[in-house]
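K.L.:
got a predicted structure plus its sequence, pasted below:
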Amino acid sequence: MVTTVTNAGELKDAVANAGPGDEIVARGGTYEMSGRWNIDSRGEEGNRILVRAANGENPHIQFAAGLNSPTDDSGIKVVEPYVTIRGFEISDSGYKGIFAGSNGHDVTFENLNVHHNNVWGIMNNGNDNVTFRNCDSHDNMDPQNEGQNADGINMTGPAKNGLIEGCRSWNNGDDGYDLWVSENHTVRYCWSWNNGQGANGNGNGFKLGSSNTGVGGGHLVHHCVSYGNHVDNDSYSPGSGFWWNGEDDNVIEVYNCTAWDNGVNFAFQDIAHVLKNNISFEGPVDTSEAVVEEANTWNLGISDPRFRSTDPSSDDFLRPEQASPCIDTGVDVGLDYNGGAPDLGAFETSSTDDSTATRSEPAGDGQTANHGYVIPEESAKDWHVPVNENFRSIDADVPIVDQDGVKGEYTPTERALYVALDTGAVYVGDGSQWDQIGSLN
């Protein structure tokens with residue numbers, strides 16, 4: 001069942017009454033909440049509850065407490081499994097912005113913009129199989145502790161097998177990402193910058209371990225970027241891009257990451273943590289003999305990776321030039337790559353990359369016969385512009401095939417088709433929901 005809501009009361013009531021397979025769609029606007037919102041409805045494996053923003057709209061959940069009024073009677077707490085929260089702006093909580101707690105395993109947070117909360121922005125409090133996908137968490141601070149605990153994204157254990165992908169964390173009081181006393185998470189395609197804004201903040205981009213706890217580590221981190229993380233206090237951490245935090249129980253693997261201008265770019269010691277295919281530029285590396293290091297810029301004697309730009313506003317930011325010594329210089333670590341060998345760092349180039357390309361209108365007006373996809377001219381510099389538009393069209397043109405009970409996990413793009421393998425039902429998207437139009441049975 002799909003329920004559309006327009007205010008905080010309707011939203012809370014609809015979620016409270018939701019069951020497996022239900023979808024709650026929030027229209028744009030401000031959803032004011034005076035105290036904590038506990039979400040205790042639960043879905044089922046393969047039949048989740050989906051709470052999402054209406055397509056193209058921005059529902060903003062704003063708490064009354066505000067960043068400067070610490071109280072645990074604030075924020076959103078998801079306490080049961082198989083719930084997805086997607087597409088909301090969340091701010092001004094006197095505690096955590098949004099978190100999975102109690103029995104909130106197998107919870108997913110997607111496409112969230114979480115900011116100006118007291119202490120943490122996005123958090124998992126001890127649950128397995130939690131996913132944070134394409135979320136922003138920024139400007140979170142605990143003034144009462146001068147930033148000591150205010151992480152942007154936190155996976156606190158005991159928690160295992162989490163996934164953080166495509167997220168960004170910046171301007172937080174403490175760390176960008178903190179995986180304290182948790183194990184076996186994957187962190188990929190994430191960014192972290194300018195953390196450590198509090199006087200007591202550690203200022204790490206990615207804090208990946210748990211010192212002297214007997215629990216933690218075992219994480220895989222790849223294709224992430226960390227820059228500008230510094231602290232100007234007496235913290236035991238100098239503000240690291242990627243930091244092992246004394247983890248001496250389980251090996252941390254860091255592949256194809258880029259660190260620029262952090263207090264320390266990479267800091268790993270104690271046991272055989274694995275660092276391969278990474279770029280460090282304009283910042284020190286601090287490793288011990290126990291660490292396994294291969295094909296990193298500091299091992300290969302590459303002092304300048306020759307980035308196209310170090311301007312964060314540029315599309316070419318921290319991307320190596322085509323003639324960079326980091327191209328095709330890495331070793332195979334089991335991740336996809338182009339060319340004869342992996343590139344170093346977070347960005348994999350292709351053979352068609354043009355390091356001198358500038359922004360211009362896409363060239364070429366050729367189109368495919370059946371769907372009208374644009375065919376860029378051979379000499380076009382910005383060929384990726386029409387290609388990206390083609391992908392957006394393909395997303396609607398190619399039918400989605402999956403189980404009927406999980407269609408709520410897919411965006412019902414207008415005119416997109418969804419075919420249910422188990423029931424044979426055929427649905428079409430109208431921009432806000434899936435409408436059944438027939439059956440294959």
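P.N.:
Structure received.
K.L.:
which residue, other than its chain neighbours, is closest to residue 100?
P.N.:
Excluding the flanking residues, the one nearest residue 100 by Cβ to Cβ, 6 or more residues apart in numbering is residue 107, at 4.3 Å. For every residue, glycine as well, the C-beta is placed using N, CA and C.
K.L.:
centre-most residue in the protein?
P.N.:
residue 167 (2.1 Å; Cα atoms, centre = their mean).
K.L.:
quick one, phi psi at it?
P.N.:
phi -100, psi 160 (degrees, to the nearest 10).
K.L.:
hmm, back to that, OK, contacts around the residue nearest to residue 100?
P.N.:
Neighbouring residues of residue 107 by Cβ atoms under 8 Å, 6 or more residues apart in numbering: 78, 81-85, 100, 124, 127, 130-131.
K.L.:
change it to 6 Å
P.N.:
Contact partners of residue 107, counting by Cβ atoms under 6 Å, 6 or more residues apart in numbering, are 78, 83, 100, 130.
K.L.:
now the two most distant members of those residues.
P.N.:
Across the contacts of residue 107, the longest distance by Cβ to Cβ is 10.6 Å; it joins 83 and 130.
K.L.:
if you count what's nearby, which of those two comes out ahead?
P.N.:
residue 130 (28 against 24; other Cβ atoms under 10 Å).
K.L.:
residue 191 reaches residue 225, doesn't it?
P.N.:
Yes - using Cβ atoms under 6 Å, residue 191 makes contact with residue 225 at a distance of 4.9 Å.
K.L.:
buried stuff in stretch 305-321?
P.N.:
For stretch 305-321, the neighbour count (16 or more other Cβ atoms under 10 Å) marks 305, 307-308, 316-321 as buried.
K.L.:
same check on stretch 53-69?
P.N.:
53-55, 59-63, 65-67, 69.
K.L.:
relative to residue 349, how far out is residue 314?
P.N.:
16 Å (Cβ to Cβ, to the nearest Å).
K.L.:
swap in residue 77?
P.N.:
43 Å.
K.L.:
now residue 205
P.N.:
When residue 205 is compared with residue 349 (using Cβ to Cβ), they lie 23 Å apart.
K.L.:
look at these two and report which has more neighbours.
P.N.:
Neighbour count, other Cβ under 10 Å: between residue 205 and residue 349, residue 205 has more, with 34 against 20.
K.L.:
I'd say that one and residue 238 touch.
P.N.:
No - between residue 205 and residue 238 there is no contact under Cβ under 6 Å: 11.9 Å.
K.L.:
contacts for stretch 189-196?
P.N.:
165-172, 175-176, 203, 205-206, 223-229, 231, 239.
K.L.:
which of those residues fall in strands?
P.N.:
Restricting those to those inside strands, with DSSP state E as the criterion, leaves 165, 168-170, 206, 225-227.
K.L.:
what sits against the residue nearest to residue 245 when sequence neighbours are not counted?
P.N.:
The shortest distance from residue 245 to any non-neighbouring residue, by Cβ to Cβ, 6+ apart, is to residue 209 (3.9 Å). Listed by Cβ under 6 Å, 6+ apart, the contact partners of residue 209 are 216-217, 244-247.
K.L.:
host element of residue 209?
P.N.:
Under the criterion DSSP states H and E, no helix or strand holds residue 209.
K.L.:
tell me the spacing between it and residue 96.
P.N.:
Counting by Cβ to Cβ, the gap from residue 209 to residue 96 is 22 Å.
K.L.:
same thing with residue 426?
P.N.:
Counting by Cβ to Cβ, the gap from residue 426 to residue 96 is 41 Å.
K.L.:
out of those two, which sits in the busier spot?
P.N.:
residue 96 (26 against 16).
K.L.:
got any ranges where the chain has weak pLDDT?
P.N.:
232-237, 351-393, 441 (pLDDT under 70).
K.L.:
which residues of it fall in helices?
P.N.:
Assigned by DSSP state H, the chain shows helices spanning 8-16, 297-300, 384-397.
K.L.:
just the buried positions in the second one, please.
P.N.:
Taking 16+ other Cβ under 10 Å as the basis for neighbour counts, the residues of helix 297-300 that come out buried are 297-298.
K.L.:
list the contacts of that helix.
P.N.:
Counting by Cβ under 6 Å, 6+ apart, 279-280, 285, 293 sit against helix 297-300.
K.L.:
as a markdown table, these with neighbour count and distance to residue 330 would be great.
P.N.:
Below are these laid out as a markdown table (neighbours: other Cβ atoms under 10 Å; distance: Cβ to Cβ, whole Å):
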| residue | neighbour count | distance to residue 330 |
| --- | --- | --- |
| 279 | 27 | 10 |
| 280 | 26 | 14 |
| 285 | 20 | 17 |
| 293 | 17 | 13 |
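K.L.:
from those residues, which is closest to residue 334?
P.N.:
Closest to residue 334, out of all of these and judged by Cβ to Cβ, is residue 293, at 17.4 Å.
K.L.:
tell me the spacing between the residue nearest to residue 336 when sequence neighbours are not counted and residue 330.
P.N.:
Nearest residue to residue 336 in three dimensions, chain neighbours excluded: residue 348, at 7.6 Å (Cβ to Cβ, 6+ apart). Counting by Cβ to Cβ, the gap from residue 348 to residue 330 is 9 Å.
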